[in-house]
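1. everything below, folded, please.
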Amino acid sequence: MKKPHQSINIILLLLAIGLLVGCETTKVGEKKDKLTYTTFRMHLEVIKDESGFVAPIEVFRSNPQQLYVHQVPFLDERNVTEAKVIDDIREIDGERVNMGKAIGVQFDRTGKMLLQSTTLSNRGKRIAIHSFFPEGRWITAKVITRTLPDGVIAFTPDATPEEMLRIVDGLNAVSKKLETKKYW
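-> Model (predicted):
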């Protein structure tokens with residue numbers, strides 16, 4: 001007759017062997033490609049109130065600014081068709097000046113309509129953009145100076161060039177995963 005603790009030891013030994021055999025390891029020096037997704041939430045600046053739908057946020061790490069935004073985003077990553085790192089070229093005193101790198105985001109048909117109607121009726125307010133890439137933070141607060149009828153927004157984020165690439169690659173991965181249709 002076997003003792004109960006001997007059968008438990010055999011079971012534990014079999015489990016340990018199963019786990020060791022079933023584990024997948026990578027070769028030394030070989031990294032697995034890890035696909036990361038990025039969130040992209042656009043919130044509209046609002047007046048502070050006690051409704052429960054308004055949240056205070058802080059944007060720009062080097063020169064922090066506090067503003068109040070609606071907690072529910074009016075656009076998010078589900079509406080993105082494509083994102084790119086672009087050159088931020090502006091015309092200053094009749095000259096074209098390269099201000100560095102920026103992110104350009106193209107939206108689908110629904111996103112285009114939402115962006116157009118929001119920018120049409122909220123001139124002078126700011127659009128605050130929050131992103132997880134994978135760390136999360138408010139990356140910009142862009143002032144609405146004109147209506148954006150073409151479904152494209154370009155902004156200079158509070159991010160390093162490497163972080164900008166992670167944001168863009170993650171947004172494009174989400175777009176591909178959701179198979180968001182391109183309309184441009």
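2. so which residues of this protein form strands?
-> Assigned by DSSP state E, the strands in the chain fall at 41-44, 54-59, 65-70, 80-92, 95-107, 126-132, 136-143, 152-155.
3. now render those as CSV, adding mean pLDDT.
-> Below are the strands of the chain laid out as CSV (pLDDT from 0 to 100):
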stretch, mean pLDDT
strand 41-44, 97
strand 54-59, 94
strand 65-70, 95
strand 80-92, 88
strand 95-107, 87
strand 126-132, 96
strand 136-143, 95
strand 152-155, 95
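4. for residue 173, find the nearest of those strands.
-> strand 80-92 (10.0 Å; Cβ to Cβ). To be clear about C-beta, it is placed using only N, CA and C from the backbone, and glycine gets the same treatment.
5. could I have the CA atoms of that closest one written out in PDB?
-> Below are the C-alpha coordinates for strand 80-92, written out as PDB (Å, rounded to 0.1, in the frame of the first residue of the first chain):
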ATOM      1  CA  VAL A  80      -7.900  56.500 -37.200                       C
ATOM      2  CA  THR A  81      -7.100  55.200 -40.700                       C
ATOM      3  CA  GLU A  82      -3.500  56.300 -40.800                       C
ATOM      4  CA  ALA A  83      -0.900  58.100 -38.700                       C
ATOM      5  CA  LYS A  84       2.500  59.500 -39.800                       C
ATOM      6  CA  VAL A  85       5.500  61.400 -38.400                       C
ATOM      7  CA  ILE A  86       5.700  64.500 -40.600                       C
ATOM      8  CA  ASP A  87       7.800  67.700 -40.800                       C
ATOM      9  CA  ASP A  88       6.100  70.600 -39.100                       C
ATOM     10  CA  ILE A  89       6.600  73.300 -41.700                       C
ATOM     11  CA  ARG A  90       5.000  76.700 -41.000                       C
ATOM     12  CA  GLU A  91       5.000  80.000 -42.900                       C
ATOM     13  CA  ILE A  92       6.500  82.800 -40.700                       C
END
